[in-house]
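A.B. asks: Structure for this input, please:
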Amino acid sequence: MKINEEVVMWKFGGRSGNLKSNEHYQNNQGYSLYCKENRQFLIWERGQLSINFNFSNTSQQKFHLSLPDNQEREILTGEPFALGNGGGDPYLRYGKQNFGINLKWVAEPLYEWKIFDASGVAGKPISLSSYYAIYNTKVKPSADFLIFLEKYYPRVVDLGWPSSPSALDTAIKVGKTGVKIGSAIAQG
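C.D. replies: Presented below is the predicted three-dimensional model:
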């Protein structure tokens, strides 16, 4: 499968070598995740309206990956893995949100993520010095790539899928929801 260069925007870092799974994550002992589109790191940050992520010039080493075989080893392109960030309910899964990207936190790993380079060839080691596309197999209506997507809303992280609605579509939806709530309040 050939990958569109526009979605190849993520680089894991904070260590050397190739990307490896971590079945026993320790606080701040994971990877950073850098986005070349906005030249910032994706970080965990409390207080966001959807998923607790934001972008920053300062990295955090909180991303960790888990494999279905529970082995700590190199992850290969095209191989399914669970994507985690920090402790608590650390794993990310596709899930409906009212605002922002459709991602939710879960306690148990769900192996719905894959990484590809621009060639789309599966089975290659993932170098920490290169950019990759991050793919979620559960996105609706069909699997899609995680991308930087400017939202233009405060406290909503600039993440999305190429199939995500535009900022205008979201603004219209939010406006309609506000009108419904306002009408219900006015009616008592």
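A.B. asks: where are the low-confidence patches of this protein?
C.D. replies: Residue ranges of the chain with pLDDT under 70: 166-188.
A.B. asks: Helices along this protein, start to end?
C.D. replies: When assigned using DSSP state H, the helices of the chain occupy the ranges 167-187.
A.B. asks: mind listing the strands for it?
C.D. replies: Using DSSP state E, the strands found in the chain span residues 10-13, 32-35, 40-44, 53-56, 63-66, 82-85, 91-94, 103-106, 113-116, 133-136, 144-148, 159-160.
A.B. asks: and among those strands, the most buried is which?
C.D. replies: Counting by mean count of other Cβ atoms under 10 Å, strand 63-66 has the highest mean neighbour count of the strands of the chain, with a mean of 25. Placement of C-beta: from N, CA and C, glycine included.
A.B. asks: wait, Gln61 sits on Tyr31?
C.D. replies: Yes. At 6.2 Å, Gln61 counts as touching Tyr31 under the criterion of Cβ atoms under 8 Å.
A.B. asks: Please enumerate the shared neighbours of these two.
C.D. replies: Residues touching both Gln61 and Tyr31 by Cβ atoms under 8 Å, 6 or more residues apart in numbering: Gly14.
A.B. asks: Out of the two, name the residue with the larger neighbour count.
C.D. replies: Tyr31 (22 against 17; other Cβ atoms under 10 Å).
A.B. asks: who's in contact with that one?
C.D. replies: 12-15, 19, 61, 63-65, 128.
A.B. asks: Trp105 now?
C.D. replies: Applying Cβ under 8 Å, 6+ apart to Trp105 gives the contacts 51-52, 88-92.
A.B. asks: Same question for Ser50.
C.D. replies: Residues in contact with Ser50 (Cβ under 8 Å, 6+ apart) are 97-101, 103, 156-157.
A.B. asks: ok, now with 6 Å
C.D. replies: Applying Cβ atoms under 6 Å, 6 or more residues apart in numbering to Ser50 gives the contacts 97, 99-100, 156.
A.B. asks: Please report how far the residue nearest in space to the middle of the chain lies from Glu72.
C.D. replies: Centroid-nearest residue in the chain: Leu146, 5.7 Å away (criterion: Cα atoms, centre = their mean). Relative to Glu72, Leu146 is positioned 24 Å away (Cβ to Cβ, to the nearest Å).
A.B. asks: ok so, going back, from what I can see the residue nearest to the centre of the chain touches Ile134, true?
C.D. replies: Yes. At 4.3 Å, Leu146 and Ile134 qualify as touching, with contact defined as Cβ atoms under 6 Å.
A.B. asks: Not including adjacent chain positions, what is the nearest residue to Gly13?
C.D. replies: Leaving out its chain neighbours, the residue that sits closest to Gly13 by Cβ to Cβ, 6 or more residues apart in numbering is Ser32, at 4.6 Å.
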